[in-house]
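Asker: compute the structure for the input listed below.
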Amino acid sequence: MIKFDELEMANEAGAPRMVPIVAEVQQDIDDADLQANTRMELAILPLRNVVLFTGMTMPISIGREKSMRLINDAMRNHNPIGVVCQIDSKADNPGQNDLYQQGTVASIIKLLELPDGSTNVILHGRSSFLLNEITQEEPYLRGTVTLTDVEFPRKGDKEFAVVVASIKEITNKMLANMGDNGQDMAFAIRNIDNPFFLINYLANNIPFEASQKQQLLEERNVRQRAFMLYTMLRQEEQFVELRADIQSRTREDLSQQQREHFLQQQIRTIQEELGTTDEDLNELEARAAKKKWSEAIQEQFDKELKKLERLNPQSPDYSVQYSYLDTFLSLPWEHYSKDYFNLVKVEEKLNKDHYGLEKVKDRILEHLSVLKLRGDLKAPIICLYGPPGVGKTSLGRSVAEALHRKYARISLGGLHDEAEIRGHRRTYIGAMPGRIIQAMAKTETGNPVIVLDEIDKVGQDYKGDPSSALLEVLDPEQNNKFHDNYLDVDYDLSKVLFIATANTLTTISQPLLDRMELIEINGYITEEKVEIAKRHLLPKQLVENGFKKNEIKMGDDVLTHIVENYTRESGVRELEKKIGKVLRKIARLKAREEAYPKRITVDMLNEYLGVPDYTRDKYEGNDFIGVVTGLAWTAAGGEILYVESSLARGKGEKLTLTGNLGDVMKESAVIALQYLKSHCDLLGLDSEEMEKYNVHVHVPEGAIPKDGPSAGVTMVTSLASSFTGRKVRDHLAMTGEITLRGKVLPVGGIKEKILAAKRAGITDIILCQENKKDIDQIKDIYLEGLTFHYVNTIQDVLNLALIPLAP
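Answerer: Numbers count the residues shown, from 1 in each chain. The predicted structure is shown next:
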């Protein structure tokens, strides 16, 4: 009798789904009753092309009505059935002559009703039998059978063991050629130790012909059954090898051209099945055909296009490669817009859009003039620097419109990743070209005007130094072969007119400064602001607030009042906001259909803008000894400041400095005091008397930090006034650095300081002799009403500034 312990162990070892599973079966006949030579009557289930072996569990599809009735009765009564394979699989109502005589006693494990309406039954083979005769044909077949047993080889049969090992080896070899499909069966074979169960398992699962399986079932000698199985497996192996050999020789007969044609057809078929076509490739090729580029660029494009052809459209790499080619074709390779060479019209356009900025306009016109004469010229790299709101950024758009070129703006403020300039390598996820290449693709021409805004605010961290990457962009000798990491091809930027903007030069690296033409744009005086407001700001705000052109009028006196009392800046941004605020107040009246003024007067400004935010810097007179007017530079323009000093009886060793002064300004005060002590005889002072006083120097508006060397002459004059008791000349201001030797050194920000002095009503200004060259470059309109006194030493300053004592 056959035992099933080995089968149960194989399943407990975790075998995959193809390993037969032994279930607990309800039955009225014990395994002990299934002895060889036992006769019994069983319901007979005919099967088409299926042979069930002892110990195997397998699903059977039930199609015949007789078979279905047989299964139902057997399950209801918990009876085993006899399973026999048909000789002729086409017979619909088989009799005894249509069935093989050797069959298998089976127990019904489970009946399955499938969603498609079909019925499957899971059978487990228990013992083999010999069919004697059919005793009943309706409602289903029944017959008498004689149970048979198998003959096992003697213990220690080495030949049998070798055959079983060979069966395992050849089966594993065949399964290895099947790839993933054979892994489940290979796993099951490795976990089967019982030779008889292994033979039945392979006979049941290897796809032999039904007649071959029946021969194995009828062979009761297990040793002989193993030899028969081995022979069948060898034949199957030879067939597999022959088929592989034929396929190999067939492939070798194909020529290279046939292979390529065949593969292309396969690719097209796969793409059609996936719902894709060659539309993308055809579109890219059509766009490339319109490009006028060099042979090297064409080769690069063809190379990248072939990569795209080999990729599956559903793979992520396909979209990455397509995006690259789309960017490649979006660039204006050797395509340039035509420059406008009417210099008179260009100058008119620049003057119309921007008031002032003469140096910038002259440089643009010079470049255009040379370009007109020569026909080809590398574009200059211009850097406009100055305080906020003076029109640096907007000038770039005006230049582009005047030259009839495309315009792009790149904001560099806060930029700290080098890849933003040079692009990311395509090996990174989400790679994209740098901002320069993106701007070129956006403008669609090779000679646009690109504004690099806030170049002084470029950062630097572990991701690289964008300023170093900009060296290649802004170097006329290098940017004709600019290399973007994403594009991976040299690109010509030499025809691009770059205009950089900055508020200060101190944060820009020196190598980058060397590559740019620096043009300073200073703040505007009141008269210029009024003119800009009339030409540009007021018309713009009228449109933005829903008024018609010239519907609301503001006179020069109104605009001047706004500039001097509601703004404090070098540019005109705040001025534009104040004009907009006034117009919004009037728009509210108009929207309510109430009466509104058509002309704004100064008296109305308090109602619309409130109390003035600032009081104009005004000269406060020379009524006090020790008070001197100085000139200072700020980011918002120039300002006047007052330096006050006083003396108090003491040991004379203490110098007190107040007013939120920086280190440089404190040093200027120390130098001024030391100079006066060492040169007291020039002022008629007694050095011993000076030692009896403590000195206090104060600069008003202590909440505002102040620093810089230009207050040196102001401090020495204030201290000299206090020690000598002499007042300072009326309406006089000064600026300049001092040394211990008594020299006066030049300082910067002269134009801004002059504008501040003029606003405050100053008439006389003391400057270093070397600053005269700065005055010569300033327009006469800024110098009207001012008298300049140039000095070389501190003694010259004191002689000019201090009023002699009355006799």
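Asker: please make it C-alpha for all contacts and neighbour counts, starting now.
Answerer: OK.
Asker: low-confidence ranges in the stretch 501-650 of the chain?
Answerer: Within the stretch 501-650 of the chain, the segments meeting pLDDT under 70 span 616-620, 635-637.
Asker: quick one, strands of it?
Answerer: Using DSSP state E, counting those that start in this stretch, the strands of the stretch 501-650 of the chain run over 517-520, 553-554, 599-600, 627-634, 637-649.
Asker: rebuild those strands as CSV, extending it with mean neighbour count and distance to Lys442.
Answerer: Formatted as CSV, the strands of the stretch 501-650 of the chain follow (neighbours: other C-alpha atoms under 10 Å; distance: least, C-alpha to C-alpha, whole Å):
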stretch, mean neighbour count, distance to Lys442
strand 517-520, 16, 26
strand 553-554, 17, 40
strand 599-600, 16, 44
strand 627-634, 25, 38
strand 637-649, 20, 36
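Asker: how about these, which one is nearest Asn565?
Answerer: strand 637-649 (14.4 Å; C-alpha to C-alpha).
Asker: tell me, how many residues neighbour the closest residue to Asp475 other than its chain neighbours?
Answerer: Closest residue to Asp475 apart from its sequence neighbours, by C-alpha to C-alpha, 6 or more residues apart in numbering: Arg515 at 5.8 Å. Here the count is done by other C-alpha atoms under 10 Å, and Arg515 has 20 residues near it.
Asker: check Ala286 too.
Answerer: Ala286: 11 neighbours (other C-alpha under 10 Å).
Asker: do the same with Tyr407
Answerer: Tyr407, neighbours per other C-alpha under 10 Å, totals 22.
Asker: list the contacts of the nearest residue to it once chain neighbours are set aside.
Answerer: Sequence neighbours aside, Val449 is the residue nearest to Tyr407 in space, at 4.9 Å (criterion: C-alpha to C-alpha, 6+ apart). Shown in contact with Val449 (C-alpha atoms under 8 Å, 6 or more residues apart in numbering): 396-397, 399-400, 405-408, 496-499.
Asker: export those as JSON lines, with columns for distance to Glu528, secondary structure and pLDDT.
Answerer: Shown next, in JSON lines, are the contacts of Val449 (distance: C-alpha to C-alpha, whole Å; DSSP: H, G, I helix; E, B strand; the rest coil; pLDDT from 0 to 100):
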{"residue": "Gly396", "distance to Glu528": "20", "secondary structure": "helix", "pLDDT": "82"}
{"residue": "Arg397", "distance to Glu528": "21", "secondary structure": "helix", "pLDDT": "86"}
{"residue": "Val399", "distance to Glu528": "21", "secondary structure": "helix", "pLDDT": "83"}
{"residue": "Ala400", "distance to Glu528": "24", "secondary structure": "helix", "pLDDT": "86"}
{"residue": "Arg405", "distance to Glu528": "29", "secondary structure": "coil", "pLDDT": "88"}
{"residue": "Lys406", "distance to Glu528": "29", "secondary structure": "coil", "pLDDT": "91"}
{"residue": "Tyr407", "distance to Glu528": "27", "secondary structure": "strand", "pLDDT": "91"}
{"residue": "Ala408", "distance to Glu528": "28", "secondary structure": "strand", "pLDDT": "92"}
{"residue": "Val496", "distance to Glu528": "32", "secondary structure": "coil", "pLDDT": "88"}
{"residue": "Leu497", "distance to Glu528": "28", "secondary structure": "strand", "pLDDT": "87"}
{"residue": "Phe498", "distance to Glu528": "27", "secondary structure": "strand", "pLDDT": "89"}
{"residue": "Ile499", "distance to Glu528": "24", "secondary structure": "strand", "pLDDT": "89"}
